[in-house]
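Trainee: quick one, what's the 3D model for this:
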Amino acid sequence: MSNFEQIQVLKKKVAVLSTLNEIGKSFTTTLDFSTLLKLVIKKINALFRASSSSLFLIDSTQKEVYCKIATGKHSKEIKNFRFKVGEGALGEVARTGKVSILNNITRNKNAITDIYKCFPNYINSIVCVPLKTKDRILGIIALADCPEEMLHPEDIFLLSAIAEYSAIAIENAMYVEQIQDLIITDECTSLYNIRHFNNMIEKELARSRRYNHTLSLVLFDLDHFKKVNDKYGHICGSFLLKEIGFLIKQNLRGVDSAYRYGGDEFLLLLPQTSKKGAFHVAERFCHLFSRTSIKLKEAVHVTITASFGVTSFPEDGKDSNELLFLADQVIYQIKQRTRNNVGVA
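Mentor: Okay, the predicted model is just below:
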């Protein structure tokens, strides 16, 4: 190797180390999960100029790999793509934690069908690098159709190093996100807790005042919940609350949020929703509970109903205390009459 070639090699190594140092510093500036993932893809796009860049994460509970963020060609299709760990060329990278470089893909269509499911239009090459830490594989980075000059061994080393940095940063961000979720989540029902409601209602009220929007609350508590505790015990009672929380989460509109208010009381926060719209939401949940049989233990099934009170801003109050007080009054009146019903202020 000539002196000139040696100098060029050294320059490239210095550039690689400089890039890694820059990336390492960038990744330590944020622990916000979404921001971090966008930063990872941005850095990779700037270096490798792939026609499509995507970051997949592993859902350990389902043992599936799903796309978390994608840019470039095919990004819309890729974002909807899921596959099993170990399934196909991409899934094998997620299983083994080994780099995979596939060229001339159009000639091997039958051998790598998962690539064609993920990238419905033809691509010629793909580089898959695992996102792994010392203890586990978190996912993969997949780059489609990088320029040939970007696929030398030194560049694959750089991409692998970036992936390693990324995995450490992503794992840290995941831990922070989990801690934040614990702070604002009710342990029994997995719904948000009252502390988070107090924060959110103030933000939503401020937004409603600013843009002259309506906002509605649905407060409800379970009918005769104490009888379940008395007859079957507190463990079954807690399990029932957990199942109710699951039902609420499964049937909640995307723009709304649900909270455990305390004991067997729950809250729905419905931004930009009229009283009429909130009434229909409450009715839907009222009917859902009354027709759902919940298994508490072997040979023990119960159906629990609830009483609902609906209030709206600004019609029924100027702050959360007034809205909640009125909703509670409505529930009291319902329980005095029929239970298993919806009332409005």
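Trainee: C-alpha only now, for contacts and for neighbours.
Mentor: Fine.
Trainee: and the pLDDT at A15?
Mentor: For A15, the pLDDT comes out at 68.
Trainee: and Y66, how far is that from V85?
Mentor: Noted for Y66: a distance of 10 Å to V85, by CA to CA, to the nearest Å.
Trainee: so what sits against both of those two?
Mentor: Common neighbours of Y66 and V85, using CA atoms under 8 Å, 6 or more residues apart in numbering, are I58.
Trainee: contact partners for the residue nearest in space to the middle of the chain?
Mentor: Central residue of the chain (CA atoms, centre = their mean): K68, 9.4 Å from the mean position. Taking CA under 8 Å, 6+ apart, we find K68 in contact with 54-57, 79.
Trainee: what mean pLDDT does stretch 38-46 have?
Mentor: On average, stretch 38-46 scores 83.
Trainee: would you mark the buried spots in that stretch?
Mentor: Buried residues in stretch 38-46, counted by 16 or more other CA atoms under 10 Å: 39-41, 44-45.
Trainee: swap in stretch 142-161?
Mentor: Of the residues in stretch 142-161, those with enough neighbours to count as buried (16+ other CA under 10 Å) are 142-146, 155-156, 158-161.
Trainee: equivalent analysis for stretch 286-305, please.
Mentor: Here stretch 286-305 shows 286, 288-289, 294, 296, 304-305 as buried, counting by 16+ other CA under 10 Å.
Trainee: among the buried residues of stretch 38-46, name the ones in helices.
Mentor: If you go by DSSP state H, the buried residues of stretch 38-46 have 39-41, 44-45 in helices.
Trainee: just give me the closest of these to R207.
Mentor: Relative to R207, the closest of these is L39; by CA to CA it sits at 29.5 Å.
Trainee: quick one: residues contacting that closest one.
Mentor: Applying CA under 8 Å, 6+ apart, the residues near L39 are F27.
Trainee: roughly how far apart are it and K68?
Mentor: According to CA to CA, L39 stands 13 Å off from K68.
Trainee: test my guess that G24 contacts Y165.
Mentor: Yes - taking contacts as CA atoms under 8 Å, G24 lies within contact range of Y165: 6.5 Å.
Trainee: of those two, which one has the most company?
Mentor: Set G24 next to Y165 and count neighbours by other CA atoms under 10 Å: Y165 wins out with 21 against 15.
Trainee: show me the strands in the stretch 201-345 of the chain, by range?
Mentor: 215-222, 257-262, 265-271, 294-297, 300-302, 306-313, 342-344 (DSSP state E, counting those that start in this stretch).
Trainee: go through the ones you listed and pick out the most buried.
Mentor: Burial of the strands of the stretch 201-345 of the chain is given as mean neighbour count (mean count of other CA atoms under 10 Å); strand 306-313 ranks first at a mean of 27.
Trainee: by contact count, what packs against that one?
Mentor: In terms of contacts (3 or more CA pairs under 8 Å, 6 or more residues apart in numbering; DSSP states H and E), strand 306-313 is packed against strand 215-222, helix 275-290, helix 320-337, strand 342-344.
Trainee: hmm, 10 Å instead?
Mentor: helix 194-211, strand 215-222, strand 265-271, helix 275-290, helix 320-337, strand 342-344 (3 or more CA pairs under 10 Å, 6 or more residues apart in numbering; DSSP states H and E).
Trainee: and the ones you listed as TSV, adding mean pLDDT and distance to E243?
Mentor: Compiled in TSV, these are given as follows (pLDDT from 0 to 100; distance: least, CA to CA, whole Å):
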stretch	mean pLDDT	distance to E243
helix 194-211	95	19
strand 215-222	97	12
strand 265-271	97	13
helix 275-290	96	11
helix 320-337	95	22
strand 342-344	95	21
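Trainee: got those as JSON lines, with distance to T28 columns?
Mentor: JSON lines is the format used below for the helices and strands packed on strand 306-313 (distance: least, CA to CA, whole Å):
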{"stretch": "helix 194-211", "distance to T28": "27"}
{"stretch": "strand 215-222", "distance to T28": "39"}
{"stretch": "strand 265-271", "distance to T28": "35"}
{"stretch": "helix 275-290", "distance to T28": "43"}
{"stretch": "helix 320-337", "distance to T28": "39"}
{"stretch": "strand 342-344", "distance to T28": "50"}
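Trainee: nearest to Q62 among the ones you listed would be which one?
Mentor: When the helices and strands packed on strand 306-313 are compared by CA to CA, helix 275-290 sits nearest Q62, at 27.3 Å.
Trainee: show residues contacting the closest one.
Mentor: With contact meaning CA atoms under 10 Å, 6 or more residues apart in numbering, helix 275-290 is reached by 214-220, 222, 244, 247-248, 251-253, 268-274, 303-313, 315-316, 340-345.
Trainee: which SS class is the residue nearest to the centre of the chain?
Mentor: strand (DSSP: H, G, I helix; E, B strand; the rest coil).
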